[in-house]
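Enquirer: Next input, structure requested:
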Amino acid sequence: NDVKCSDVSDCVIVTVNEAPEAGITGTTTLCVGGSTDLTGSPADQTDATYTVSWSASGGGAVITISQSGEVTAVGAGESTVTYTVTNKATGCSDVTTVKFTVNSNPVSAITLQGPAASCQGDGSSLKVLIKVTGGTGPYDIYYNDAITRVNADCNPEAIGGTGQSINDADGEVLLDFTGA
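Expert: Numbers count the residues shown, from 1 in each chain. Here you go, the predicted model:
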């Protein structure tokens, strides 16, 4: 005979709460000095269902991040941005991260090759070298090739020229003004 006995006097109810699913959207690349707003989801709602927090760590980038998700880039490199969401009622939480890249700003140098001035029709050659370093190419280089002369009253006056924009992969443009 199989006799089975059991006591059901103590019952335990177990509740499994669903954790929130954290997410980050927004631009994750900036140049030094720039800023952007990241959006975390779910966000801290007006009924205060969630508590949220932002943080940044690691890498060579120097960024600051506010508790509203505003990132300010102060140095070049990479950092990790972390967004944590906790449901206030259940205590369940989720964490997500994104890699954040900060690029250095390009620096330009202008070098004059040839005489500092020329006379109309003398056949002299003025060359201007524009070189960009830092940042990430290709570079959009804008210059204005207006010709300036001094009038009879010794005041400079522009006598022509137009703006130019060049997309250059290596960051170097040589402008040649012959017979200016």
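Enquirer: mind listing the helices for the chain?
Expert: Here the chain has no helices by DSSP state H.
Enquirer: Okay, now the unreliable bits of it?
Expert: 1-10, 44-47, 61, 116-121, 136, 142-169, 176-180 (pLDDT under 70).
Enquirer: 90 instead?
Expert: 1-19, 31, 42-51, 58-62, 75-77, 88-89, 103-180 (pLDDT under 90).
Enquirer: mind listing what residue 93 touches?
Expert: The contact partners of residue 93, by C-beta atoms under 8 Å, 6 or more residues apart in numbering, come to 19-20, 84-87. Bear in mind the C-beta positions are built from the backbone N, C-alpha and C, glycine included.
Enquirer: whoops, residue 104 was the one
Expert: Counting by C-beta under 8 Å, 6+ apart, the residues that residue 104 touches are 31-32, 76, 134-135.
Enquirer: what's the closest non-adjacent residue to it?
Expert: residue 76 (4.1 Å; C-beta to C-beta, 6 or more residues apart in numbering).
Enquirer: Same question for residue 114.
Expert: Using C-beta to C-beta, 6+ apart, the nearest residue to residue 114 is residue 126, at 4.7 Å.
Enquirer: again, but for residue 40
Expert: residue 83 (4.4 Å).
Enquirer: what sits opposite the one you found in the beta ladder?
Expert: residue 54, residue 96 (DSSP bridges).
Enquirer: Just confirm it contacts residue 52, I think it does.
Expert: Yes - using C-beta atoms under 8 Å, residue 83 makes contact with residue 52 at a distance of 6.9 Å.
Enquirer: returning to that earlier point: check contacts around the residue nearest to residue 104.
Expert: Each residue near residue 76 by C-beta under 8 Å, 6+ apart is listed here: 32, 60-61, 102-104.
Enquirer: next one: residue 130
Expert: 108-110, 141, 143, 172-175.
Enquirer: can you list the residues you listed in a markdown table and add distance to residue 94 and neighbour count?
Expert: Below are those laid out as a markdown table (distance: C-beta to C-beta, whole Å; neighbours: other C-beta atoms under 10 Å):
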| residue | distance to residue 94 | neighbour count |
| --- | --- | --- |
| 108 | 45 | 14 |
| 109 | 49 | 9 |
| 110 | 52 | 10 |
| 141 | 46 | 18 |
| 143 | 51 | 16 |
| 172 | 49 | 13 |
| 173 | 50 | 17 |
| 174 | 55 | 11 |
| 175 | 56 | 15 |
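Enquirer: Out of these, which is nearest to residue 25?
Expert: Set against residue 25, the nearest of these by C-beta to C-beta is residue 141 (33.0 Å).
Enquirer: Around residue 132, how many other residues sit close by?
Expert: 19 (other C-beta atoms under 10 Å).
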